[in-house]
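Q: Dropping the sequence and predicted coords here.
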Amino acid sequence: MMNFTDNGIVEAIALDRGKLYTTDKDNSKIVLVTKGSIEFSFSMYNNVEMDCGKMLFVPSGYGFRAMAMEDAAVIFFNITEEYDWCRAIAVGNNQLSQDVDDGISFLDVKDMLGSYVYSIELYLQKGYRDCNLMQLKIKELGCIMNVCYTKQELHDFFRLYQTNDLLFSEQVRKYSAEIRTVRQLSERMNYSYSGFNKRFRRVFGMSAYKWMKQQRARIVYHEIYETNKSLKQISADNKFMTLSHFNEFCHKVLGGSPRQIRKQRYMEQSS
């Protein structure tokens, strides 16, 4: 496996067949396969295949795991200024169709974008790894996507991130990783409890309690199924008071004990 850059903004990864690569969950990212194919997992999406010439959006808060199905090359664009970036490519148009299923929404890499990717690869191969340059290239990516794709295509592509209030939703995503109750989150964002709940429901289309429960379930499931962290560490990282509370949560919300979920992974990998 080769990593052509260490600036944390744009990462070009070469993966030999069967090799794994995982990312952190701090920033949203665009994943683009430039060679071969990978099988990826994040959130509740497990072992989904992605071929050369496809792009995928992964919102912040989700770790991403990729395994090369054959020798593969992947570029990760880390979106560190999400609010301004997403606003610039106009993903919040309420006039667009909302009829998108729960599957992954890919974009095909078009000719203009292909030329852009070539320029990125050339910079990295030549050793041009300046962070300011790569930040400019990220902004250029947004401009090119706005030209290459329809608003509906962009809306569908970014649907896991977008709401009709990007600043509010970005703050929710940022702070909810550290906070476990709706009341604490409303206080952290300087809202009254009732005012926060009203705005949250308007923006996300569900109660804050339900959303936070779903987010916690996705993160816990991912860490049990996709990582090799100890169950004790997963429990502590997700702020469960005791292991028994952790086990109870998994039984009730995820449908089985942590050990059963991890055993299922081993059984599926060996089959």
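A: Done, it's in.

Q: Could you pull up the residues touching the nearest residue to R188 once chain neighbours are set aside?
A: Sequence neighbours aside, Y175 is the residue nearest to R188 in space, at 5.1 Å (criterion: CB to CB, 6 or more residues apart in numbering). No exception for glycine: its C-beta is placed from N, CA and C like everyone else's. With contacts defined as CB atoms under 8 Å, 6 or more residues apart in numbering, Y175 is in contact with L185, R188, M189.

Q: Likewise for L113?
A: With contacts taken as CB under 8 Å, 6+ apart, L113 has the following neighbours: I144, M145, C148.

Q: By neighbours, which of those wins?
A: The most neighbours of any of the contacts of L113, using other CB atoms under 10 Å, belong to M145, which has 23 neighbours.

Q: Helix or strand: which one has it?
A: Counting by DSSP states H and E, the element that carries M145 is helix 131-148.

Q: mind listing what's buried in that helix?
A: For helix 131-148, a neighbour-count test (16 or more other CB atoms under 10 Å) marks M134, K137, I138, L141, G142, I144, M145, C148 as buried.

Q: now swap in stretch 235-244 and tell me
A: By neighbour count, and taking 16+ other CB under 10 Å as the criterion, the buried residues in stretch 235-244 are S235, F240.

Q: What are the contacting residues of it?
A: R180, R216, I219, V220, E223, K229, L231, K232, H245, F246, F249.

Q: switch the cut-off to 6 Å
A: Stretch 235-244 is contacted by residues R180, V220, F246 when judged by CB atoms under 6 Å, 6 or more residues apart in numbering.

Q: where exactly do the helices run in the chain?
A: Using DSSP state H, the helices of the chain run over 82-88, 111-125, 131-148, 151-157, 166-176, 182-188, 193-204, 208-226, 231-237, 243-249, 258-270.

Q: ok now the third one, how far from the chain's centre?
A: Distance of helix 131-148 from its chain centroid, counting by CA atoms, centre = their mean, to the nearest Å, is 19 Å.

Q: Equivalent analysis for stretch 210-229, please.
A: A distance of 13 Å separates the C-alpha centroid of stretch 210-229 from that of its chain, computed with CA atoms, centre = their mean.

Q: how about that stretch: buried residues?
A: Along stretch 210-229, these residues count as buried under the neighbour rule (16+ other CB under 10 Å): 211-212, 215-226.

Q: and of those residues, the nearest to P258?
A: Comparing the buried residues of stretch 210-229 against P258 with CB to CB places I224 closest, at 5.3 Å.

Q: pretty sure the closest one contacts K263?
A: No. With contact defined as CB atoms under 6 Å, I224 does not count as touching K263 (10.3 Å).

Q: per-residue confidence at the spatially closest residue to R201 that is not a sequence neighbour?
A: Residue nearest to R201 in three dimensions, not counting chain neighbours: S207, with 6.0 Å by CB to CB, 6+ apart. Per-residue pLDDT puts S207 at 91.

Q: With the one 4 residues further on instead?
A: Reading off the confidence values, W211 has pLDDT 90.

Q: For the spatially closest residue to it that is not a sequence neighbour, grab the count of nearby residues.
A: In space, not counting the residues next to it along the chain, W211 is nearest to F204; the distance is 5.4 Å by CB to CB, 6+ apart. The tally of other residues near F204 (other CB under 10 Å) stands at 17.

Q: Make 16 the first number, not 1, from now on.
A: Sure thing, new numbering starts at 16, so read that last one as F219.

Q: returning to that earlier point: distance of the residue nearest to R216 relative to M204?
A: Taking CB to CB, to the nearest Å as the criterion, S222 is separated from M204 by 16 Å.

Q: quick one, which of those two is more surrounded?
A: Under the criterion of other CB under 10 Å, the comparison of S222 against M204 puts M204 first, with 17 against 13.

Q: Identify the residues contacting that one.
A: Contacts of M204 (CB under 6 Å, 6+ apart): Q186.

Q: Noted, bye for now.
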